[in-house]
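J.: What follows is a predicted protein model with its sequence.
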Amino acid sequence: MTVNVKNLMHKAESLTYAFRFDRNQNTPPNTSETTQDSTFTYQTPGTYTILQYGSAGGTGFSMCKDVQVKETRGPNAEIIACQNGKVRLTIVSDDISKAYDAIEISWGDGVNQMVNIKTSTAAYFDHTYTGTGARPAITLKGSYNSGQCSTSTKATTITANTPPPSLASIRIRSVEMPASGDAKVIYEGMEGVETKVYIAKSDDNFIYTNKSTQSGGPQSATVPLLDPKTVYRFQLWSTDICGNIIKSPIVSSMAIKQGGLSLDEIIALEWENDANTDPVVEYQIKRNGAVIFTTPNKRSYEDTDVKCGNTYQYEVVAIIENDVRSYSAPISLEPKTSPPGNITNATVTVKDENTIGTKVELSGEGLTSAYNLVVERAVLGTSNFELVSPANNQSLQWDDTNVSTSQSSYCYRFQYENACKMKSPSFSTPVCSILLSTKSPEIVWNPDAPFISTIEAYNLQQVDGSGSLINTISKGLSTSHTLDLASQSDFGYRIEAKSSDGNFTSLSNVLNFRSEAIILVPDAFTPNGDAYNERFEVKAYFIKEFKMSVFSRWGEVIFHSEDIAEGWDGNFKTGKAPGGYYLYKIEATNTSGETVVKNGSFLLIR
């Protein structure tokens with residue numbers, strides 16, 4: 001629009017114009033914004049203020065007047081064409097289209113459509129052509145309600161046809177299944193394309209959820225009243241402008257539940273989903289909002305990092321290709337808390353003079369990672385049990401070092417308390433210690449039974465220097481054993497007692513014997529025919545070879561033998577040796593091959 005300003009001020013001088021003056025400005029315009037030319041052409045529509053100022057007769061003057069410039073350019077538009085004759089016209093929302101009060105669309109087949117662009121909410125306009133010939137050109141022309149510029153406005157002619165856009169971007173981004181069962185589907189929509197949310201359960205056919213949109217960008221749809229424990233499949237059905245139905249990839253919901261494994265302080269989880277169109281990349285298990293386990297294909301998990309008395313919230317997340325997520329409804333679970341049973345298997349072992357070791361074996365339900373094994377002790381023969389274990393004792397093998405095993409036998413009983421403060425109904429059957437001692441050539445042990453219940457039997461165990469079992473001899477209910485010292489070398493002994501049910505064991509201290517040669521020589525004998533002490537006999541233990549000679553006081557050998565079982569009967573040659581003192585010399589070899597020599601005297605009494 002070109003304007004020509006005619007000056008009406010008489011004898012005006014220094015006339016200056018600003019054709020784009022800001023009425024809110026309270027200072028003169030910059031020199032770059034002014035001109036002495038009274039003609040100006042506006043290139044874009046709008047309302048402008050023209051400022052004129054100058055002087056006349058030595059006095060300055062100024063005046064402002066507004067001028068409105070109307071748009072005359074043709075509107076811009078985009079068109080999408082279908083094979084079935086349908087076209088969709090979208091008027092570009094720019095300064096040109098916004099300037100007009102209405103836009104007339106001439107479809108080219110004799111049909112015209114007037115659109116009030118300022119009041120219309122339609123994002124596009126559809127038209128269908130009949131016949132199969134070439135489509136005519138479409139023209140658009142703007143107009144004003146006042147009829148102004150009707151001869152100046154220009155029309156836009158559109159002949160290019162764009163095929164329908166791809167709907168591949170319309171897809172589900174996530175499926176969230178809350179505990180309420182009101183599933184939330186987040187998806188990408190496309191402006192002007194109707195997209196509907198469908199659902200199917202297991203192998204059922206997809207049904208419409210009555211949730212749809214024609215908007216672009218991220219969209220949300222809530223599908224109510226679903227069972228959070230059931231798996232559903234979700235899919236988007238979109239209809240393009242040509243009427244084609246395009247189906248998005250399927251996304252399955254997730255369902256998590258408690259697994260079948262039932263152990264103390266272990267929470268077992270299982271989850272399921274139906275097949276997705278795109279493969280699952282990873283499953284994530286969340287506990288209280290934090291990821292604790294990931295797997296590409298497993299459908300189960302055992303959480304062992306849980307404590308009795310606490311509640312944990314779990315959910316599973318499936319991460320699907322193309323950055324898609326599916327979230328299960330959360331479930332709250334507590335670790336199993338069964339009451340523990342009584343302790344039915346225990347062992348008491350005498351280790352040394354001041355130490356008795358206790359050991360229990362646990363079985364059954366109610367066993368937790370943290371616990372308190374209560375140990376009480378009483379002197380054998382009394383019922384005054386007292387607590388001897390430390391607080392929060394978590395050792396199944398506990399040593400009592402405040403005892404004197406050579407002075408007394410002690411009884412122990414046990415009770416289990418788990419992390420939930422649940423105890424065994426009662427203490428275990430007491431198990432008492434056994435004290436083993438020697439009265440050479442016998443070993444004996446205290447006759448008091450180590451159990452309240454009947455004892456099955458005592459077993460004499462022979463062990464080597466490292467404590468490893470070599471041999472076991474059943475002693476029934478006997479409380480002593482005679483050693484065969486002559487046929488044994490280094491060895492150790494201990495007594496094992498088992499209760500009649502075989503569950504409780506008591507082990508005595510170990511008595512160690514070393515095979516040093518022992519030679520016992522009498523100091524007198526009386527060969528007088530009374531059948532007592534008739535021969536001079538030597539007893540020897542732990543020897544392999546033996547030689548003995550008896551000498552008269554003058555050094556004459558009157559008896560010699562290499563058989564330890566053969567003693568001297570007091571005779572010399574063919575007669576009886578006279579009474580008195582005689583000398584002996586014994587040479588023996590012990591089990592280690594060392595030579596042992598013993599000399600001495602004895603009295604022959606007649």
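T.: The structure has been received and is ready for your questions.
J.: Flag every buried residue along the helix or strand bottoming out on mean pLDDT in the chain.
T.: In the chain, no helix or strand scores lower on mean pLDDT, DSSP states H and E than strand 511-513, which sits at a mean of 80. For strand 511-513, a neighbour-count test (16 or more other CB atoms under 10 Å) marks 511, 513 as buried. Using the backbone N, CA and C atoms, a C-beta is placed for each residue, glycine as well.
J.: Look up how far Asp66 lies from Tyr144.
T.: 17 Å (CB to CB, to the nearest Å).
J.: who has more neighbours, those two?
T.: Tyr144 (15 against 10; other CB atoms under 10 Å).
J.: That one touches Pro45, doesn't it?
T.: No. The criterion here is CB atoms under 8 Å, and Tyr144 misses it with Pro45 at 10.6 Å.
J.: shared neighbours of those two, which are they?
T.: Lys70 (CB atoms under 8 Å, 6 or more residues apart in numbering).
J.: model confidence over stretch 291-304, on average?
T.: Stretch 291-304 carries an average pLDDT of 95.
J.: For it, report the contacting residues that lie outside it.
T.: 259, 261, 265-272, 280-287, 305, 312, 314.
J.: now do stretch 222-229
T.: Counting by CB under 8 Å, 6+ apart, 177-185, 197, 199, 209, 211, 232, 234, 255, 257, 328-329 sit against stretch 222-229.
J.: which residues of this structure fall in helices?
T.: Listed in chain order, the helices of the chain (DSSP state H) span residues 95-99.
J.: Could you check how far the most centrally placed residue in it is from Tyr301?
T.: Nearest to the mean C-alpha position of the chain, counting by CA atoms, centre = their mean, stands Ile292 at 4.4 Å. Separation of Ile292 from Tyr301 (CB to CB): 8 Å.
J.: try Gly57
T.: 99 Å.
J.: In terms of neighbours, single out the busier of these two.
T.: When neighbours are counted by other CB under 10 Å, Gly57 and Tyr301 differ, and Tyr301 comes out ahead with 22 against 10.
J.: what sits opposite the more buried one in the beta ladder?
T.: Note on Tyr301: beta-bridge partners by DSSP bridges are Leu269.
J.: From Glu282, how far off is Thr295?
T.: 7 Å.
J.: And Ile50, by the same measure?
T.: 69 Å.
J.: And those two? Which one has more around it.
T.: When neighbours are counted by other CB under 10 Å, Ile50 comes out ahead of the other of Ile50 and Glu282, with 18 against 12.
J.: and the more buried one, what does it touch?
T.: Ile50 touches 3, 5, 17-19, 21, 40, 64-67, counting by CB under 8 Å, 6+ apart.
J.: Which of the residues you listed fall within strands?
T.: 3, 17-19, 21, 40, 64-67 (DSSP state E).
J.: Nearest to Asn528, out of those residues: which one, please.
T.: Relative to Asn528, the closest of the ones in strands among the contacts of Ile50 is Phe21; by CB to CB it sits at 162.8 Å.
J.: I'd like to check which residues are in contact with the closest one.
T.: Counted by CB under 8 Å, 6+ apart, Phe21 has contacts 29, 33, 49-51, 64.
J.: With pLDDT as extra columns, can I get these in CSV?
T.: Formatted as CSV, the contacts of Phe21 follow (pLDDT from 0 to 100):
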residue, pLDDT
Pro29, 93
Glu33, 93
Thr49, 96
Ile50, 96
Leu51, 95
Cys64, 93
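J.: And the furthest pair within those?
T.: Glu33 and Cys64 (13.9 Å).
J.: With neighbour numbers in mind, choose between those two.
T.: The residue with more neighbours, out of Glu33 and Cys64, is Glu33; 15 against 12, by other CB under 10 Å.
J.: hmm, back to that, make TSV out of the contacts of Phe21 and add distance to Trp445.
T.: Shown next, in TSV, are the contacts of Phe21 (distance: CB to CB, whole Å):
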residue	distance to Trp445
Pro29	123
Glu33	122
Thr49	123
Ile50	128
Leu51	127
Cys64	127
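J.: Now intersect these with the strands, please.
T.: 49-51, 64.
J.: which one of those residues is nearest Asn402?
T.: Once CB to CB is applied, the member of the ones in strands among the contacts of Phe21 that ends up nearest Asn402 is Thr49, at 106.8 Å.
J.: Show the contacting residues for that closest one.
T.: 20-23, 64-67.
J.: wait, which of the residues you listed is closest to Ile452?
T.: Taking the contacts of Thr49 together and measuring to Ile452 by CB to CB, the closest member is Asp22, at 109.4 Å.
J.: Now the closest one: closest residue in space that isn't a chain neighbour?
T.: The shortest distance from Asp22 to any residue other than its chain neighbours is 7.1 Å, reached at Thr49 (CB to CB, 6 or more residues apart in numbering).
J.: do Ser169 as well
T.: Nearest one to Ser169, counting by CB to CB, 6+ apart, is Glu188 at 5.6 Å.
J.: Wait, that neighbour touches Gly217, no?
T.: Yes. Contact status for Glu188 versus Gly217: in contact at 7.1 Å, counting by CB under 8 Å.
J.: May I see the buried residues of stretch 591-601?
T.: For stretch 591-601, a neighbour-count test (16+ other CB under 10 Å) marks Val596 as buried.
J.: again with stretch 532-544
T.: 536-538, 540-543.
J.: Endpoint to endpoint, it covers what distance?
T.: Stretch 532-544 has an end-to-end distance of 28 Å (CA to CA, to the nearest Å).
J.: Equivalent analysis for stretch 571-579, please.
T.: Using CA to CA, the end-to-end distance of stretch 571-579 comes to 11 Å.
J.: And the contacts of it?
T.: Stretch 571-579 has contacts (CB under 8 Å, 6+ apart) with 527, 552, 558-559, 570, 603-606.
J.: 7 Å - rerun?
T.: For stretch 571-579, contacts defined as CB atoms under 7 Å, 6 or more residues apart in numbering pick out 558, 570, 604-606.
J.: Quick one: mean pLDDT for stretch 322-329?
T.: Here the average pLDDT along stretch 322-329 is 97.
J.: Likewise for stretch 395-412?
T.: For stretch 395-412, the mean confidence score works out to 93.
J.: for that stretch, which positions count as buried?
T.: 396, 398, 400, 403, 405, 409-412.
J.: Also stretch 208-223?
T.: Under the neighbour-count criterion of 16+ other CB under 10 Å, stretch 208-223 has 209, 211-213, 216, 219, 221, 223 buried.
J.: Looking at these, which are in strands?
T.: Filtering the buried residues of stretch 208-223 for strands - DSSP E - leaves 209, 211-213, 219, 221, 223.
J.: Out of the residues you listed, which comes closest to Ala102?
T.: Out of these, the member with the shortest distance to Ala102 (by CB to CB) is Thr213, at 29.0 Å.
J.: Quick check: bridge partners of that closest one?
T.: Beta-bridge partners, per DSSP bridges, of Thr213: Thr195.
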